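Engineer: Sequence first, predicted coordinates after that:
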Amino acid sequence: MLADTLGAFGEGSSVVITPERGLLLIEGWLNALRGDVGAERVRAELETLRDNLASGNPDGNMIRHLLLSMASHTSTLAGEPSAADGHTDGQLRQLANALRNFSSQF
């Protein structure tokens, strides 16, 4: 899921992701995080983001807020022992940066 998301976002500043593509990524993450202790907050934010995108009238301010919050959580995860291998740590940091950059589009 991490590689798919990084591929979709790139560095995040000039990427175009349709709401439909966003919904597919979100569903993938919700499935990947199911049962993951400590991921409840991120799952809740993903669910809110999914519902917002699916509404047909997405709220840009809410999307920006959720993306920035998830970027913050992702940065925190990158520093935890479970992400101790350099590859995962680097990918999580890259994802956090891409989420921050992407949020500026809203």
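Structural biologist: Now that the structure is in, tell me what you want to look at. Numbering: from 1, shown residues only.
Engineer: what does the host helix or strand of S75 rub up against?
Structural biologist: Per DSSP states H and E: S75 is located in helix 60-78. Helix 60-78 is contacted by residues 41-42, 45-46, 48-49, 52-53, 83, 89, 92-93, 95-97, 99-100, 102-104, 106 when judged by CB atoms under 8 Å, 6 or more residues apart in numbering. For the C-beta atoms, the positions are set from N, CA and C on the backbone; glycine is no exception.
Engineer: name the helices or strands packed onto the following helix or strand past that helix?
Structural biologist: Counting by DSSP H and E, the next helix or strand C-terminal to helix 60-78 is helix 86-103. With contacts taken as 3 or more CB pairs under 8 Å, 6 or more residues apart in numbering; DSSP states H and E, helix 86-103 sits against helix 2-9, helix 60-78.
Engineer: can you tell me how far L33 sits from G56?
Structural biologist: Counting by CB to CB, to the nearest Å, the gap from L33 to G56 is 25 Å.
Engineer: between those two, which one's more packed in?
Structural biologist: Between L33 and G56, counted using other CB atoms under 10 Å, L33 has the larger neighbour count: 15 against 6.
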